[in-house]
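K.L.:
Give the three-dimensional model of this entry:
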Amino acid sequence: MKKLVRVIFLMGILLAQPAISDTFIIGVEDNQYLPHYSYENGQYIGFGRDVLDAFFEQTEDTIEYQALPVARLFSTFIAGGVDFKYPDNEIWSAKEKSRVNIYYSDPVVDYIDGVSVVPDKMNQPIDDIKIIGTVRGFSAWDWQDRIDSGQLILSENSSTEKLIQQAITGRIHGAYANIDVIQHILKHRFDSNQQLVFDSSLPHTKSNYRLSSQHHPEVIEEFNIWLANNVELIEALKNKHHIRSHSN
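P.N.:
Predicted coordinates for the structure are as follows:
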């Protein structure tokens, strides 16, 4: 009888203990891509960090950010080396992803990837553009047909800042990247954010960043609910980081 009482007592203690939270590894890009995200001095920062921190603070799960170069992050994610990837999108490397089952969240934030050019080259004929640059590991989806046919050369750079320098100095005809990122770097690292301007007449992609996972669809669903219930917070964070709306 005493043994039974002790067992019941111990069970009561265990049930009274707070639930142990999970520890998730979120794979992020080792890339300076503010205002959306950046990995600097061993810290992940920017809009993406603020959103993910706010969500996982509510779930009380422990998270760790693992920053990797873009191409390596993709292969690590596919191999199951991280629990989540941010940012992600269904269209990115879709062929390579087809052999695994990936769950995507609802859109976190909209973006435009396009070509930024020096102002006096705005609205130039597309056939005059022979070489554009992008960050290594990224793809210029809208220009792929021209790249495949040899009409266009795609130059890869190790950083967005170097990409911008090449466009300003005329080594490439345009810089293909997130237009908010181009403007942020021009404003904070160069003399003027007018040294390059987004040419909307050229092919560009309007899409969104999402959180993805292979093995935690329940967390993705919880994140979707959180996004829907925290629209004002997301807008406040976009304003904090000076991210424009591209949804229209």
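
K.L.:
Run through this structure and note the low-pLDDT ranges.
P.N.:
Within the chain, the stretches with pLDDT under 70 are 1-21, 247-248.

K.L.:
domain parsing for it?
P.N.:
Residue ranges for the structural domains of the chain, counted by automatic domain parsing, are given in the record as 25-110+207-240, 111-206.

K.L.:
Need those in TSV (columns: distance to His246 and mean neighbour count).
P.N.:
C-beta coordinates here come from the backbone N, C-alpha and C atoms, glycine included. Putting the domains of the chain into TSV (distance: least, Cβ to Cβ, whole Å; neighbours: other Cβ atoms under 10 Å) gives the following:
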stretch	distance to His246	mean neighbour count
domain 25-110+207-240	4	17
domain 111-206	5	18
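
K.L.:
For this protein, just list every one of the helices.
P.N.:
If you assign secondary structure with DSSP state H, the helices in the chain sit at 2-16, 47-59, 70-78, 94-97, 144-149, 160-169, 179-189, 217-229, 231-240.

K.L.:
Looking at these, which is nearest to Val117?
P.N.:
Put simply, out of these the one that sits nearest Val117 is helix 160-169, at 6.9 Å, with distance taken as Cβ to Cβ.

K.L.:
Which residue comes closest to the residue nearest the centre of the chain once chain neighbours are left out?
P.N.:
Nearest to the centroid of the C-alpha atoms of the chain, with distances taken as Cα atoms, centre = their mean, sits Pro87, at 2.8 Å. With sequence-adjacent residues excluded and distances taken as Cβ to Cβ, 6 or more residues apart in numbering, Pro87 is closest to Tyr209, at 3.5 Å.

K.L.:
what about the one you found, distance to Tyr65?
P.N.:
Look at Tyr209 and Tyr65: by Cβ to Cβ, to the nearest Å, they are 15 Å apart.

K.L.:
Likewise for Leu202?
P.N.:
Leu202 sits 34 Å away from Tyr65, taking Cβ to Cβ as the criterion.

K.L.:
got it, and Gln144?
P.N.:
Taking Cβ to Cβ as the measure, Gln144 and Tyr65 are separated by 31 Å.

K.L.:
Would you mind measuring the gap between the ends of stretch 115-127?
P.N.:
Using Cα to Cα, to the nearest Å, the gap from the first to the last residue of stretch 115-127 comes to 14 Å.

K.L.:
List the residues that contact Ser192.
P.N.:
Leu186 (Cβ atoms under 8 Å, 6 or more residues apart in numbering).

K.L.:
So that it lines up with my notes, have the first residue be 33 from now on.
P.N.:
Sure, I'll start numbering at 33, so the last one becomes Ser224.

K.L.:
Phi and psi next, for it.
P.N.:
In terms of degrees, to the nearest 10, the main-chain angles of Ser224 are phi -150, psi 140.

K.L.:
how close does it sit to Ile196?
P.N.:
Distance from Ser224 to Ile196, by Cβ to Cβ: 12 Å.

K.L.:
Mind listing the shared neighbours of those two?
P.N.:
Between them, Ser224 and Ile196 share the neighbouring residues Leu218, with contact defined by Cβ under 8 Å, 6+ apart.

K.L.:
tell me the contacts of the residue nearest to the centre of the chain?
P.N.:
Contacts for Pro119 were tallied using Cβ under 8 Å, 6+ apart; they are Glu61, His68, Tyr69, Gly80, Val140, Tyr241, Arg242, Leu243.

K.L.:
Please verify my assumption that the second one contacts Asp82.
P.N.:
No - taking contact to mean Cβ atoms under 8 Å, the distance of 10.6 Å between His68 and Asp82 leaves them out of contact.
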